[in-house]
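Undergrad: Starting from these lines, generate the structure:
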Amino acid sequence: MSAKPEHYDVIRKPIITEKSTMASENNAVVFQVAIDATKPQVKEAIEALFDVKVKAVNTTITKGKVKRFRGQMGRRNDVKKAYVTLEEGNTIDVSTGL
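TA: Have a look, this model is predicted:
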């Protein structure tokens, strides 16, 4: 199965934070995904790009904050994260490039 360009549109980048590192101990990986991506699309993209079996996908949308930049009010973008739980024996090393 080859990786289609649409898969790269769904998966934006891995998220490496303290919380995502703790999730990786439970065989889960966290990715930033497109705001309109659905759970089945995320599952299909992860399985195609990394050649692993996905057990579950949980998503969360973080609303962008209003921040001040050089005296001007601005707004950060909304971000959608996908917590991808992998089947036993499957791993994704997010510290290396894709």
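
Undergrad: What ranges does the protein have for its helices?
TA: Taking DSSP state H, the helices of the chain run over residues 5-10, 18-24, 39-50.

Undergrad: which stretches of this structure have low pLDDT?
TA: The chain contains residues with pLDDT under 70 at 1-4, 95-98.

Undergrad: If we use 90, what do you get?
TA: Low-confidence segments of the chain, defined by pLDDT under 90, span residues 1-8, 24-26, 49-51, 87-98.

Undergrad: just to revisit the earlier point, if you compare the helices of the chain, which one is most tucked away?
TA: Compared across the helices of the chain, helix 39-50 shows the largest average neighbour count, a mean of 19 (mean count of other C-beta atoms under 10 Å). To be clear about C-beta, it is placed using only N, CA and C from the backbone, and glycine gets the same treatment.

Undergrad: rewinding a little: can I get the helices of the chain in JSON lines with distance to Y83?
TA: Below are the helices of the chain laid out as JSON lines (distance: least, C-beta to C-beta, whole Å):
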{"stretch": "helix 5-10", "distance to Y83": "15"}
{"stretch": "helix 18-24", "distance to Y83": "6"}
{"stretch": "helix 39-50", "distance to Y83": "10"}
